[in-house]
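Participant: the sequence and its predicted three-dimensional model are supplied below.
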Amino acid sequence: MARIEDQTYQPKILVIDDEKRIREGCFRILTKENCLVDVAENGETGLRMIAKKYYDIILTDLMMPGIGGMEVIAKVREQHLDTVVIVITGFATLEHSIEAMKKGAFDFIPKPFTPDQLRVVVSKAVRMTRTLQDIATEKTRFKTLVSYLAGGVLVTDKSKNIILYNPALLRMLGYEGRALNDQPLSALTTDKTLTGIIDGILGLSPGEFKVLSAEIMPHERGDGSSDQLYLRAQAVPFQNRSGEILGSVTIIDDITHLRKLDEMKSAFVSMVSHEIRSPLSTILSQIKVLMDGLAGEVSAKQTDILGKMSRKVEGLVELSNNLLDLSRIEAGLIVQDKEQVQLMDILENLVGFMQTRAREKNISLSLKKANLPLINADGKSMEEVFGNLITNAIMYTPEGGKVSVRAKVKGDFLEISVSDTGYGIAPEEVPRIFERFYRVKTERTRTTIGTGLGLPIVKSIVEAHNGTIKVESKEGAGSTFYVRLPI
Ligand code: ADP
């Protein structure tokens, strides 16, 4: 037998044979090969020993008086799946050997055999037991890892039966029933969002990979307290080598503390903006009093300084207004007053109002009139959306440029576009301009005052109206913002 590489590993072997010569021969040869060998002179004794002790390998004669080799195989299969059985066949009958292999024997060795033949067969079996042990170790390691993860883990097969889960998952979903192995997913949860993403994953085509995520809110906390729990679930498929989807793996994280922090932040920002706004307005009116000469004569130099001060303070007022808007949107308060509105009227008013600002920069601002159907929207929010887009268009367009506003019906939507011939936005910046506080920094836009909150507010309002916003832009040539609102 090729010596076992790991000398510290001693396979435990049981030899069951009614022939003394065979028992003693095997004992001698295998003990020399660093195996721990026990022997039994018949099937009954063999089974008793197997019940008491775990063996890696069992060598059993097929034909013995009383309990025969076939019965030994059947018992071993029942009790120790990882034990490898080799049958010793007396008459070298192929049929019996094949029968034994079908019952679960790993290999066979015909009598009489030479020490070398025995070594070869046992050596093969040892390699097999080592592999089985490695798999078993790997499995326990994996199970321990999954059990102690703080995140919830849920694995299903292709037919949505649960094949693996951990205690964290049960706690998060507040499940207290019986064990869930091989149970349908519905036994654990009926949450539509969660089952929805798992369905989405199981419905992928072979070879396709996708991560689907969603926020879920189980009704109650698993630990019995009444606070709302917020969870984030992410599902992915697992596949076999040919890409066929075998099931889904879902990881669930508890994001309640993040949500709570976010709510606290919004409340804080809202409170601070509120508190800041009124003193700022007072400062503005006091500056105006000074500038108007109502508190005594002011020199040209002083007027200049006061003008600069008042523009900075106006910037702060705008920032606090935007922050307030944002916290109102987050609290779901922005689009409460939806009614039938004629968007063209709103656009006409806005464009009229903005003409002064456009003229200051020698920009032509135009609106293409059209007959539009009424839409269900919050008028004030619509003013905010298009006011922001037109202000940006004027702000980010150099003197002498053009800003045009158009609106038309496109299928079930109204499509409103605001185009300019301005600086444009670099392709890599486009996805970021809707992020809070994000401002593109280029030589030309560096000096414009802004908060980076306009577009996020616009996007939130549009989405609260079930609409979409997108932008097409070319650096140096201009940008067009498209807003679509359902009719
Ligand atoms: P703000 O204008 O206060 O900086 P916004 O959220 O309205 O914030 O816009 C974010 C960024 O997007 C701006 O800083 C600007 O760089 C870019 N941007 C917005 N509108 C336009 C436009 N029409 N043309 C070019 N860049 C624009």
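Facilitator: Noted; the coordinates are in hand.
Participant: how about the closest residue to the ligand within the stretch 151-300 of the chain, what does it touch?
Facilitator: Nearest residue of the stretch 151-300 of the chain to the ligand (Cβ to the nearest ligand atom) works out as residue 273 at 15.6 Å. No exception for glycine: its C-beta is placed from N, CA and C like everyone else's. Residues counted as contacts of residue 273 (Cβ atoms under 8 Å, 6 or more residues apart in numbering) are 320, 321, 323, 324, 327.
Participant: go with 6 Å
Facilitator: 320, 323, 324 (Cβ atoms under 6 Å, 6 or more residues apart in numbering).
Participant: now, the residues you listed that are in helices?
Facilitator: Secondary structure assignment by DSSP state H places 320, 323, 324 of the contacts of residue 273 in helices.
Participant: nearest to residue 90, of these?
Facilitator: residue 323 (90.7 Å; Cβ to Cβ).
Participant: residue ranges in the stretch 201-350 of the chain under the pLDDT threshold?
Facilitator: Filtered on pLDDT under 70, the stretch 201-350 of the chain yields the residue ranges 219-226, 331-336.
Participant: going along the chain, name the strands of it.
Facilitator: Applying DSSP state E, counting those that start in this stretch to the stretch 201-350 of the chain gives strands spanning 212-216, 231-239, 245-254, 339-341.
Participant: as JSON lines, those strands with distance to residue 30 would be great.
Facilitator: Shown next, in JSON lines, are these (distance: least, Cβ to Cβ, whole Å):
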{"stretch": "strand 212-216", "distance to residue 30": "55"}
{"stretch": "strand 231-239", "distance to residue 30": "41"}
{"stretch": "strand 245-254", "distance to residue 30": "41"}
{"stretch": "strand 339-341", "distance to residue 30": "91"}
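Participant: in JSON lines: these, plus distance to residue 75 and mean neighbour count.
Facilitator: Written out in JSON lines, the entries for the strands of the stretch 201-350 of the chain read as follows (distance: least, Cβ to Cβ, whole Å; neighbours: other Cβ atoms under 10 Å):
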{"stretch": "strand 212-216", "distance to residue 75": "47", "mean neighbour count": "16"}
{"stretch": "strand 231-239", "distance to residue 75": "35", "mean neighbour count": "19"}
{"stretch": "strand 245-254", "distance to residue 75": "33", "mean neighbour count": "19"}
{"stretch": "strand 339-341", "distance to residue 75": "80", "mean neighbour count": "13"}
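Participant: distance to the ligand for those - can I get that in CSV?
Facilitator: Converted to CSV, the strands of the stretch 201-350 of the chain look like this (distance: least, Cβ to the nearest ligand atom, whole Å):
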stretch, distance to the ligand
strand 212-216, 25
strand 231-239, 27
strand 245-254, 30
strand 339-341, 23
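Participant: start to end distance for stretch 390-408?
Facilitator: 17 Å (Cα to Cα, to the nearest Å).
Participant: for stretch 188-197, same thing?
Facilitator: Taking Cα to Cα, stretch 188-197 runs 15 Å from one end to the other.
Participant: got a list of contacts for it?
Facilitator: Stretch 188-197 has contacts (Cβ under 6 Å, 6+ apart) with 173, 175, 180, 212, 214, 216, 233, 235.
Participant: okay, strands next: where are they in the stretch 351-487 of the chain?
Facilitator: According to DSSP E, counting those that start in this stretch, the strands that the stretch 351-487 of the chain contains are 364-367, 375-377, 402-410, 413-420, 468-474, 478-486.
Participant: and the fifth one, average pLDDT?
Facilitator: On average, the pLDDT along strand 468-474 is 96.
Participant: is the ligand within reach of that strand?
Facilitator: No - applying Cβ under 6 Å from any ligand atom, one finds strand 468-474 separated from the ligand by no less than 6.7 Å.
Participant: find me the pLDDT at residue 122, would you?
Facilitator: At residue 122, the model reports a pLDDT of 95.
Participant: separation between it and the ligand?
Facilitator: 74 Å (Cβ to the nearest ligand atom, to the nearest Å).
Participant: in which helix or strand would I find that residue?
Facilitator: helix 115-148 (DSSP states H and E).
Participant: buried sites along that helix?
Facilitator: 118, 119, 120, 121, 122, 123, 125, 126, 128, 129, 130, 146 (16 or more other Cβ atoms under 10 Å).
Participant: residues contacting the fourth one?
Facilitator: The neighbours of residue 121, taking Cβ under 6 Å, 6+ apart as the test, are 86, 107, 109.
Participant: closest residue of the stretch 201-350 of the chain to the ligand?
Facilitator: Closest point on the stretch 201-350 of the chain to the ligand, by Cβ to the nearest ligand atom, is residue 322, at 7.9 Å.
Participant: how many neighbours does that residue have?
Facilitator: Neighbourhood size, residue 322 [other Cβ atoms under 10 Å]: 22.
Participant: which stretches in the stretch 1-150 of the chain count as strands?
Facilitator: 12-16, 36-40, 57-61, 84-89, 107-110.
Participant: do you know which of the ones you listed lies nearest residue 481?
Facilitator: Taking the strands of the stretch 1-150 of the chain one by one with Cβ to Cβ, strand 84-89 is closest: 70.6 Å.
Participant: can you list contacts of that closest one?
Facilitator: Counting by Cβ under 6 Å, 6+ apart, 57-62, 69, 73, 76, 96-97, 100, 105-110, 121, 125, 128-129 sit against strand 84-89.
Participant: neighbouring strands - and their directions - for that strand?
Facilitator: Under the criterion DSSP bridges, strand 84-89 sits next to strand 57-61 (parallel), strand 107-110 (parallel) in its sheet.
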